[in-house]
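> I'll drop the sequence and a predicted model, then ask my questions.
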Amino acid sequence: MSLAFDDYGRPYIILRDQGQKKRMKGLEAYKSNILAAKAVANTLSSSLGPKGMDKMLVSPDGDVSVTNDGATIVEKMEIQHPTAKLLVELSQSQDAEIGDGTTGVVVLAGKLLEQALTLLDKGIHPLKISDGFDRACDVAIKHLETISEEIDIQANEHEALIQAACTALGSKVVSKRKRELGKIAVTAVLDVADLARRDVNLDLIKIQTKTGGSVEDTRLISGILIDKDMSHPQMPKEVKEAKICLLTCPFEPPKPKTKHNINISSAEDYKKLYLQEQQYFVDMVKLVKDSGANIALCQWGFDDEANHLLLQNELPAVRWVSGTDVELIAMATGARIIPRFQEITPEKLGKAGSVKEVQFGTSNERMLVIENCQCTKAVTILIRGGSQMIVDEAKRSIHDAICVIRNLIKDNRIVYGGGSAELACAIQVLQYADEVSSVEQYAIRSFADALEGIPNCLADNCGLNPITSVAQAKSRQLQENNPRIGIDCMELGTTDMKEQRIYETLSSKKQQIQLATQVVKMILKIDDVIAPDDY
Ligand code: ADP
Ligand code: MG
């Protein structure tokens, strides 16, 4: 600190180190990064598996959510540390690409980092560790492919798909209803799937939540369900052979801009202006009706006066349709989104068999269903549940299940869960380690240990002794040459995951191992952290 004087002789203080950056280098940097990332992974590890715990997350403004979904947990944790953030992104990329396995991927990355830390302590160079992990990852992926099995998605009323959905739902809050929800998810995906091209457009499955009732009341609605009703109670409750005009402009006369002045000097002039405004609106309704439309869906609102005019002119209308709904309706009914009234033409209307109001439960709340859309089939899963927390978590869980089914339609190969696939890979990687004579051997062995961490974690979470259960499973895998032996989390009396029918997609497992390895390699490459001092 030193004292100086400015041009006018006023004293000021110079703080010498202000703005200086905090800097960590070398081993210190590696370790600090690894520890931060590991802390995140440790938080998630208790959530893995069918008996995994849920987390309650409270946002800064007090919203509470309870979830078991890895991607959601890390997203809501509001992590600051830059390397720990890499794990958040890891979970999110698994979510974006695969949809399920978002906890597992972070836990695996955590186990790998733990191993890396011990290797660093042994004095092995980070690049060697990185190389070893990379080679081990290749071996594990290849082995996964050899132990994968193809399933017949059609057989037995899509039983395999339902089972896979059940595995995904089994670890969630809604696990009690996994079979029913699994079936709903399978039907929804198959309804919109293009089996010939092995493709599913998930945008066509709308998941709508509505609190009330219970999770059992969740159902599949063929058509698009929107949480809106007709803008006026006296409008018809059903429009058959609907020709939909989809508007994204407000259905109201243009308001005079505030910066213009209108001088009205007499009551007559005022009336004229009023009539003119009304006429303007009547013209708008006429434009819509002339195009042949018999219902207007509007992204914006209209006032009571306008609503009344719509009723008088017998044009049923819906206001405040959300942007995503507008897009979905456009896709399904073939409607073009119309941004200006002047652009309405008959070709731009969407067509649907019917648009009708339906009522749920005993409450007075109504929703609109658009059925038999002309272009593509779209379906809605209406999730019910006692509270917002439950329906939100159910929505996330069903999303996981839907993704699993979509992945199986794209690629029908599965591996078995319960940690069996990871264990089988660990055994293979360990064998490979013995063939490597360089220092990478240690890293490869550690990779195998990290893979074993998954069954270990599953056993731990369901109250089994992790060391004995993993040891038993491993020796049985070796003795019986059976890669399907895992952890009997539900205590059903068998550790053969094929008998328990715990199906996981090959694509998800592969992605988990690859992504986790990639992130760990990335963290191991960072040897210098330069950050503002208050970090
Ligand atoms: P993720 O977000 O990674 O999907 P989950 O909480 O869904 O995390 O847990 C998935 C893990 O739990 C997988 O390793 C899977 O094999 C395992 N698992 C799921 N159901 C069972 C079960 N019934 N018995 C044993 N393991 C299971
Ligand atoms: Mg899961």
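Done, it's in. Numbers count the residues shown, from 1 in each chain. Ligands and ions are numbered 1, 2, ... in the order given.
> Tell me the gap between the helix or strand harbouring residue 475 and the middle of its chain.
Assigned by DSSP states H and E, residue 475 falls within helix 466-480. Relative to its chain's centre, helix 466-480 lies at 34 Å (C-alpha atoms, centre = their mean, to the nearest Å).
> Quickly check: it near ligand 1 or not.
No: remark: helix 466-480 sits outside contact range of ligand 1, by C-beta under 6 Å from any ligand atom, the gap being at least 11.1 Å. Backbone N, C-alpha and C define where each C-beta goes, glycine included.
> Who are the packing partners of that helix?
Under the contact criterion of 3 or more C-beta pairs under 8 Å, 6 or more residues apart in numbering; DSSP states H and E, helix 466-480 touches helix 420-435, helix 440-461.
> Tell me what angle it forms with helix 440-461.
110 degrees (axes from the mean of the first three to the mean of the last three C-alpha atoms, to 10 degrees).
> Show the contacting residues for residue 67.
54, 55, 57, 73, 76, 173, 392, 393, 396 (C-beta atoms under 8 Å, 6 or more residues apart in numbering).
> and these, which two are the farthest apart?
Pairwise distances across the contacts of residue 67 peak at 15.6 Å for 76 and 173 (criterion: C-beta to C-beta).
> Who has more neighbours out of the two?
Legend: neighbour count by other C-beta atoms under 10 Å for residue 76 and residue 173, higher for residue 173 (21 against 16).
> my read: that one touches residue 66, true?
Yes: look at residue 173 against residue 66 with C-beta atoms under 8 Å: they come within range, at 6.9 Å.
> Name all residues that make contact with the residue in the stretch 251-400 of the chain that ligand 2 sits nearest to.
For the stretch 251-400 of the chain, the residue closest to ligand 2 is residue 400, as judged by C-beta to the ion, at 5.4 Å. By C-beta under 8 Å, 6+ apart, residue 400 lies in contact with 69, 99, 100, 168, 169, 172.
> and with 6 Å instead?
99, 100, 168 (C-beta atoms under 6 Å, 6 or more residues apart in numbering).
> near ligand 1, from the residues you listed?
Applying C-beta under 6 Å from any ligand atom to the contacts of residue 400, those adjacent to ligand 1 are residue 100.
> quick one, strands of the stretch 151-300 of the chain?
193-194, 199-200, 205-211, 219-222, 224-226, 238-247, 295-298 (DSSP state E, counting those that start in this stretch).
> Select, out of those strands, the one closest to ligand 2.
With C-beta to the ion as the measure, strand 205-211 is the member of the strands of the stretch 151-300 of the chain nearest ligand 2 (16.8 Å).
> helices or strands up against that closest one?
Applying 3 or more C-beta pairs under 6 Å, 6 or more residues apart in numbering; DSSP states H and E, we find strand 205-211 packed against strand 379-385, helix 388-410.
> Dump the ones you listed to JSON lines, plus mean pLDDT and distance to residue 425.
JSON lines is the format used below for the helices and strands packed on strand 205-211 (pLDDT from 0 to 100; distance: least, C-beta to C-beta, whole Å):
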{"stretch": "strand 379-385", "mean pLDDT": "90", "distance to residue 425": "35"}
{"stretch": "helix 388-410", "mean pLDDT": "91", "distance to residue 425": "19"}
